[in-house]
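[1] sequence first, predicted coordinates after that:
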Amino acid sequence: MSITILGVRHHGPGSARAVRAALGVLAPDMILIEGPPEAGPLLDHVNSLVPPVAILAHAPDRPGRAAFWPFADFSPEWQAIRFAAAAGLPVRFVDLPAATVLAGDDAAAEGERRPAGLISDDPLGWLSRAAGHDDPERWWEDVVEHRLGGDPLELFTAVAEAMAALRAAAEADGWAASQRDLRREAAMRQGVRAAVREGRERIAVVCGAWHAPALASLPPARVDSNLVRGLPRVKASATWVPWTAQRLTYASGYGAGVASPGWYGHLWRSEDHIAERWVARVAALLREADLAAPPASAVETVRLAETIAALRGRSLPGLSELTDAVLAVLCQGNEVPLSLIHGRLVVGDELGVVPDEVPTVPLQADFEATCRRLRFRPTAADRQVELDLRNDTDRSRSRLLHRLRLLGIGWGTVVSSSSSGTFREGWLLHWRPEYLVSLIERARYGTTVDAAATAVVVERAEDAADFARITELVEAAVLAALPDALPAVTAALERRSARTGDIAHLMAAAPPLARVLRYGSVRQTDADLVRGVLDSTLIRVCAGLAAACMSLDARAATAMLAAIENADGAIALVGSDQQVRDWRAALRAVADLAGAVSILQGRCVRLLLDAGELTTAEAQQRLARALSAGPEAVAWLEGFVRGSGSLLLRDEPLWNLLDDWLSSLSEETFDAVLPLLRRAFSQFTSPEREQMGNKVRARHRAAGVIAAIAPSAGADENDDWDESRARRVLTVVAIALGGCVADE
């Protein structure tokens, strides 16, 4: 009987090649692989999977508890699995059960604290530094990934010796393996013993290199049994899920990740001419992006990479040499295209494929079936899509994305919405493998995406205490086409509206309800259920608006101001004639109310003026009365000038009132109100502010011209001068000559 330990680096193409070669030499009758034992039945589907994929273990009774074991095509464990499948050999996962892993972090539960900088945290880093290298990735490429030929078993023997030396050095420095590591290694040894008891003669064990010395010999079985006895367990289920190349990187938070999975995939697929094939891919990618990448430059890039490698004492160009050469030649020193190369090639945008026959929860199965029916499968690369809601397929895609958002799955982000009345809706799609975990967690809400989203909306409506939050749920239910959720949500809306006395909250509910009524037909949704709720809400708003605008602090006044503006837009959108009249009467009540907040009064006057409820003369009168209050007038003015600045630009009497008021302020008073004035006028667009500035300059220039050309008080009485007739043309002359006079 022989037991051979193949200590590997997870996701290393050199290790993957060495594992396949070693298994071919050993001809084992049993292969054991580091991984959760519950995933054993999943190995029946391995031939139909397209990496990257991952084993997903989750706890159905504990939402949020999940663990992943990813595999790429160049992962040594994956190649061992494929070797076993091709040879018809039995293969088994050995490690702590997923049921124990999902039960919690036993090391944390026992209060263990691992100091930073342990050898066990980065064994490759320690080995590379011992060899005189400061880059573990580069050192590993030189020693393993670029290793050609030779006895593969010698490599694993050397790796095991190196790890044994590292563990001994760590123990000499006071390091002790954590309880979790001890238990994991005990579980692996128990797996080896089980294979021995079955009568296996040639056993190959593929595990992380750090664990190889711990599996080289088997202590008494009772020692390992004591380590794993009584560990907590939960109910666990396992399945295969698609994975992405990006999620194999360190940057994604994956502890066993690599820096460049796309590059490692290239090393795995390229048996020879590695540099030439890589540069050819880079050049093709640059040409796709409409960047110059002629063949002659590609040849020069390869030559430069080989020269850099020789200068650095490397047998073959690695990723760093190729990157430097690409930057110098193909990118001509411009680092911007390197980000494209890094994302598409160095990291990669591959998304694995899991066949339909792999067991999964009904909700996930419904999601995948819906994606197939709509020809709308997730992809690893982010992409933008524009949906035409007049099209049945695009409308169904929009509903799916909105339903997933309700389930907390942010596959899509709206970048342009149809709420403005158009039939177009833009989305940015951003798929992450973790969303499958969210789908599994939401399985308790229903077996289909439609049913689960409906249940989530109903639950949130019942739990929501914020009236405005419930109205958002109404709009979300319409966007997601959930007619079964609308009655429950509108009923909750009516109950909350009857109990709330906050007029600002009631007004905040009006815009989403109005959008549902106005644009529900775009999605072919019956939104009549919300009409009664909106009608009753507006009655209470109009009745209580004036009282609600009294005695507010600055923060509450700002919130009320926004609520009034939003409600005004909503009523203009869907309000009946009677509702419009009632609303304008409520605005007038605020404008006339003594003691109301000034900024709200000013805004109500402006809204009434824009609606034609006040004449320009009435608005001028109110503005003059407000400005006579002194510095306190700025708040009223801020409310009045909100929105478009075209009113002041085209209405000369209003402009003159404001100009005269500003001119009458003392220097001290002007300094005091200047910050408030800046805030009031900052909301205008840049062209509007520029026109206002030009108008002020033109007036003062005109005043200077008039003063320059008007007859002096001491004019000769005998002069033939008709002053009344001359003054009729002074303004025109001043405007015509103002620039010249100013220049002089």
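    Nice, I can see it.

[2] in the host helix or strand of Arg581, what's buried?
    Here Arg581, judged by DSSP states H and E, is contained in helix 577-592. Buried residues in helix 577-592, defined by neighbour count with 16 or more other Cβ atoms under 10 Å: Gln579, Asp582, Trp583, Arg584, Ala586, Leu587, Arg588, Ala589, Val590, Ala591. Bear in mind the C-beta positions are built from the backbone N, C-alpha and C, glycine included.

[3] swap in stretch 46-55?
    Neighbour count says stretch 46-55 has Val46, Leu49, Pro51, Pro52, Val53, Ala54, Ile55 buried, by 16+ other Cβ under 10 Å.

[4] can you map out the strands along the stretch 1-150 of the chain?
    2-8, 30-34, 53-58, 66-71, 91-94 (DSSP state E, counting those that start in this stretch).

[5] dump the C-alpha coordinates for the second one into CSV.
    Read that as strand 30-34. Below are the C-alpha coordinates for strand 30-34, written out as CSV (Å, rounded to 0.1, in the frame of the first residue of the first chain):
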residue,chain,number,x,y,z
MET,A,30,-8.3,6.1,-5.2
ILE,A,31,-7.9,9.9,-5.4
LEU,A,32,-8.7,12.0,-2.4
ILE,A,33,-9.1,15.8,-2.8
GLU,A,34,-9.3,18.6,-0.3
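
[6] who's in contact with the helix holding Arg581?
    535, 538-539, 541-543, 545-546, 549, 564, 567-568, 571-572, 575, 596, 600-601, 604-605, 607-608, 611, 613, 622 (Cβ atoms under 8 Å, 6 or more residues apart in numbering).

[7] narrow these to those that are buried.
    Here, 16+ other Cβ under 10 Å leaves 538, 541-542, 545-546, 549, 564, 567-568, 571, 575, 596, 600-601, 604-605, 607-608, 613, 622 buried among those.

[8] name the nearest residue to Thr616, ignoring sequence neighbours.
    Nearest residue to Thr616, sequence neighbours excluded (Cβ to Cβ, 6 or more residues apart in numbering): Asp651, at 6.3 Å.

[9] any idea how far that neighbour is from Tyr264?
    For Asp651, the distance to Tyr264 (Cβ to Cβ, to the nearest Å) stands at 69 Å.

[10] compare those two (neighbour count), which wins?
    Looking at Asp651 and Tyr264 with other Cβ atoms under 10 Å, you find the greater number of neighbours at Tyr264, namely 28 against 16.

[11] the more buried one contacts Pro13, correct?
    Yes - the pair Tyr264 and Pro13 qualifies as a contact (Cβ atoms under 8 Å) at a distance of 5.1 Å.

[12] if we can go back for a sec, from the buried residues of stretch 46-55, pick the one nearest Ala87.
    Nearest to Ala87 out of the buried residues of stretch 46-55 is Val46 (Cβ to Cβ; 12.8 Å).

[13] tell me who's in contact with that closest one.
    If you count contacts by Cβ under 8 Å, 6+ apart, then Val46 has Ile81, Arg82, Ala85 around it.

[14] I'd like to know how far the closest residue to the first one other than its chain neighbours sits from Leu593.
    I take that to be Ile81. What sits nearest to Ile81 in space, not counting adjacent residues and going by Cβ to Cβ, 6+ apart, is Val46, at 5.5 Å. Val46 sits 76 Å away from Leu593, going by Cβ to Cβ.
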